[in-house]
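K.L.:
starting from these lines, generate the structure:
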Amino acid sequence: MKLGINIGYSGSRIDLPIDLIRYAESLGYDSVWTAEAYGSDAVTPLAYIAALTTRIRLGTAVMQIPARTPAMTAMTMSTLDALSGGRVMVGLGLSGPQVVEGWHGVPYGKPAVRMREYVQILRKIWARDEPVTFDGEEYQLPYRGPGATGLGKPLKSILHGRQLPIYLATMGPVNIRATAELADGWLPIWFSPRRMPMFRPHLEEGFRRAGNGKSWKDFDIAAGCTVAIGDDVGALLAAQKPFLALYIGGMGAREKNFHNEMAVKYGYGDAAKRIQELYLAGRKREAEEAVPDELADEMSLVGPVARIRERFRDWEDAGVTTLLVQSRDPEALKLMAELTGASRGATV
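P.N.:
The predicted model follows:
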């Protein structure tokens with residue numbers, strides 16, 4: 001199992017943990033991942049990190065698909081890949097209607113179709129076989145829709161790059177199948193190793209649809225996991241609950257919240273409903289308290305070292321191939337490097 005460090009997106013001020021990232025690199029960590037919501041973007045921090053590191057790979061978890069045209073994503077990430085010495089991985093996600101239409105000002109449209117077409121266009125751009133044309137439901141190259149001049153010209157990238165690894169952050173069966181079919185890796189959202197039997201059939205069906213002999217050996221499952229060392233397990237779980245309450249309760253509309261739906265699928269339907277009711281009523285503290293310990297626990301590794309060591313086996317057995325550690329604690333990073341064997345490549 002490889003290790004990554006997931007630093008997410010910024011709050012009101014940019015605060016990149018550069019020393020921690022360098023420490024992770026020295027411990028043998030394979031990758032560092034950034035994110036975006038509706039504040040800081042995911043790519044600019046990676047460019048800064050690239051300049052201050054030498055080996056660690058650079059991933060987005062995720063770039064929002066509706067925020068950029070496929071061509072802009074291809075250009076941006078190929079440029080960063082060239083400047084960083086070939087270290088880039090492209091993690092993409094669909095986001096949700098509130099952000100897509102409320103922040104980016106574009107229609108939510110058909111998200112499953114959009115994701116498929118987006119990946120197909122990226123592959124065509126990076127292949128540089130010919131000037132790119134594409135006639136899809138969500139994307140047309142050249143564009144021929146309302147307001148078009150008719151002067152659009154098929155183009156081929158000036159920059160000679162490579163086929164960058166594509167990772168997709170998906171939750172529902174249709175998009176999980178598409179991830180296994182189209183992408184090089186999966187960024188599962190709210191991953192619990194206990195729930196892998198729920199996802200495995202969809203991934204295997206996606207491999208079959210790829211039609212090229214694709215299998216588990218060709219695919220990276222890069223799962224996020226909060227890691228925290230301490231004797232008070234309850235307190236460590238409680239520290240995760242504000243983030244869980246935000247997503248289950250408020251990251252989406254009452255009628256359409258994918259994170260809430262995932263909690264329901266995991267068997268926490270009553271709690272998910274209560275969290276959302278409280279959060280949308282402005283009772284955030286009560287919403288946090290309504291998050292079950294069991295839910296936070298099955299998606300994390302917290303507690304004394306012995307407990308973490310024992311429960312880490314579940315993540316290995318589930319088939320996770322890259323563990324994206326979510327922690328700002330150097331001791332937690334060191335422990336995971338020891339457990340996975342990443343420390344054998346350490347330079348400290």
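K.L.:
which element is the closest residue to residue 54 other than its chain neighbours on?
P.N.:
Excluding the flanking residues, the one nearest residue 54 by Cβ to Cβ, 6 or more residues apart in numbering is residue 25, at 7.4 Å. C-beta: built from backbone N, CA, C; applies to glycine. Per DSSP states H and E, residue 25 falls inside helix 18-26.
K.L.:
residues contacting that helix, please?
P.N.:
With Cβ atoms under 8 Å, 6 or more residues apart in numbering as the test, helix 18-26 has contacts from 3, 5, 7, 32, 49, 52-56, 328, 330, 333, 346-348.
K.L.:
before we move on, what about stretch 93-107?
P.N.:
Under Cβ under 8 Å, 6+ apart, the answer for stretch 93-107 is 37-38, 62-67, 108, 111, 114-115, 168-170, 175, 187, 251-253, 256-258.
K.L.:
which of those count as buried?
P.N.:
The neighbour count (16 or more other Cβ atoms under 10 Å) marks 62-67, 108, 111, 114-115, 168-170, 175, 187, 251-252, 257-258 as buried among the contacts of stretch 93-107.
K.L.:
cross the residues you listed against strands and list the overlap.
P.N.:
Counted as lying in strands by DSSP state E, out of the buried ones among the contacts of stretch 93-107, are 63, 64, 168, 169.
K.L.:
tell me, how many residues neighbour the residue nearest to residue 35 when sequence neighbours are not counted?
P.N.:
Leaving aside its sequence neighbours, residue 35 sits nearest to residue 9 (Cβ to Cβ, 6+ apart; 4.3 Å). Neighbours of residue 9 under the rule other Cβ atoms under 10 Å: 16.
K.L.:
just list the residues touching the residue minimising distance to the centre of the chain, thanks.
P.N.:
Centroid check for the chain by Cα atoms, centre = their mean gives residue 61 as the closest residue, at 3.3 Å. Neighbour list for residue 61: 6, 33, 34, 35, 42, 91, 167, 169, 187, 222, 224, 324 [criterion: Cβ under 8 Å, 6+ apart].
K.L.:
name the nearest of the contacts of helix 18-26 relative to residue 319.
P.N.:
Using Cβ to Cβ, residue 3 is the member of the contacts of helix 18-26 that sits closest to residue 319, with 15.7 Å.
K.L.:
hang on, the closest one in a strand?
P.N.:
Yes: assigned with DSSP: H, G, I helix; E, B strand; the rest coil, residue 3 falls within a strand.
K.L.:
run a quick neighbour tally on it.
P.N.:
22.
K.L.:
so how far is residue 175 from it?
P.N.:
As for residue 3, its distance to residue 175 is 26 Å (criterion: Cβ to Cβ, to the nearest Å).
K.L.:
and the longest strand along the chain, which strands flank it?
P.N.:
Ranked by residue count and defined by DSSP E, the top strand of the chain is strand 220-229. The pairing partners recorded for strand 220-229 under DSSP bridges are strand 185-186 (parallel), strand 300-303 (parallel), strand 322-326 (parallel).
K.L.:
quick one: name whatever helix or strand follows that strand.
P.N.:
helix 233-238.
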